[in-house]
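>>> Could you work out the structure for the sequence below:
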Amino acid sequence: MAEQLGRYPAARRVIAHVSDTHLLHGGAPLGGVADTVGALEQTVAQLARLGDRLDAVVVTGDVADLGEPDAYRIARATLEPLAQSTGARLVWVMGNHDERPAFRTALLDEAPSDSPVHGVIDLGGLRVVALDTTVAGFHHGGVDAETLAWLDDVLTEPAPEGTILAMHHAPISTPLALMDLLELRGQDDLADVVHGRDVRLILGGHLHYPTSGTFAGIPVSVAGATAYTMDLSAPPRELLGVDGGRSLTLVHLGEDSVVTSVVPIGPFPVVTSFGEDFLAEIEALEPEARLDRFSRKPAGPAE
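All right, here's what the predicted structure looks like:
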């Protein structure tokens, strides 16, 4: 591990937050345009660079666009090798485009069922709660009394490193026309359950662009979609999804800190690079000399 050079130590936990892959049977392009399989493969290639630093890969819903079993097979076949090579835990969360029976069978190796797909995953003291907010047959989200009671029971005992709540429909506002109609319902009741508990962060998807906010005093981070991105510069009453701008989010958790960072997905040209050799050079210098290595050179004489 590299020497700590600044004020903050390295994160204790690193989580990759991926959302809205919207895969189709046979890997067909979404809308006849978007290569969703290629985008997910690029996501895996980039995350593989992190090696064993990853603790988990959390996928917050809409894994499949039409709930097709083959779409889930593609998702699992693409992401599982990453989890195996890095040692990261793979966490699947239901979305409004997903179908519970196929989701359970293909991703969780469980018997098909229409019951909510909730789950609790222990990452060595950090608890991840996967909360199913889907409403069968609809695109908006909801939390009913049974779901709230289940979550309240889970949160009764705090986890040693706190809890991350992962759900598709994030309890956060959006400026997008129509998307506010498809928001999570029952938010006041959810706030009553999570307020004052050990929830450190809420992860969500659904919106198809990266954003953040707070809910009941808890930070909320929404990951951009790997399938396509909503263009917030579109006219106010128009929804426009574009084949670009894809991203994932990296979550770095310290002992008492949470930092979320948006990572663009794509094989982009390199503009500048400082590699392992440069870092080793900095670490070899005396602390008081390190900033000199980054000092701005005085302007030369005019010619």
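>>> Doesn't residue 47 belong to a helix?
Yes: with DSSP: H, G, I helix; E, B strand; the rest coil as the criterion, residue 47 is assigned to a helix.
>>> Does it touch residue 54 like I think?
Yes: Residue 47 lies in contact with residue 54 (C-beta atoms under 8 Å); the separation is 6.7 Å. C-beta coordinates here come from the backbone N, C-alpha and C atoms, glycine included.
>>> Common neighbours of these two, please.
16, 86 (C-beta atoms under 8 Å, 6 or more residues apart in numbering).
>>> ok, the two, which is more surrounded?
residue 47 (24 against 21; other C-beta atoms under 10 Å).
>>> give the contact list for the more buried one.
16, 54, 57, 82, 86, 248.
>>> Over to residue 219?
200, 201, 202, 212, 213, 258, 260.
>>> Let me see the mean pLDDT of the helix or strand hosting the third one.
Applying DSSP states H and E as the criterion places residue 202 in strand 199-205. In this model, strand 199-205 has an average pLDDT of 98.
>>> what are the C-alpha coordinates of that strand, in PDB please?
The C-alpha coordinates for strand 199-205 follow below in PDB (Å, rounded to 0.1, in the frame of the first residue of the first chain):
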ATOM      1  CA  VAL A 199     -27.400   4.200   7.700                       C
ATOM      2  CA  ARG A 200     -24.400   6.000   6.400                       C
ATOM      3  CA  LEU A 201     -25.300   6.200   2.700                       C
ATOM      4  CA  ILE A 202     -28.200   5.400   0.400                       C
ATOM      5  CA  LEU A 203     -27.300   4.200  -3.100                       C
ATOM      6  CA  GLY A 204     -29.900   4.400  -6.000                       C
ATOM      7  CA  GLY A 205     -30.400   4.300  -9.700                       C
END
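>>> now for that strand, which elements pack on it?
Other elements packing on strand 199-205 under the criterion 3 or more C-beta pairs under 8 Å, 6 or more residues apart in numbering; DSSP states H and E are strand 56-60, strand 163-169, strand 218-222, strand 247-253, strand 258-264.
>>> for stretch 221-235, which positions count as buried?
221, 222, 223, 224, 225, 226, 227, 228, 229, 230, 231 (16 or more other C-beta atoms under 10 Å).
>>> Surely the third one is in contact with residue 202?
By that I understand residue 223. No: checked against C-beta under 8 Å, the pair residue 223 and residue 202 is beyond contact range at 11.7 Å.
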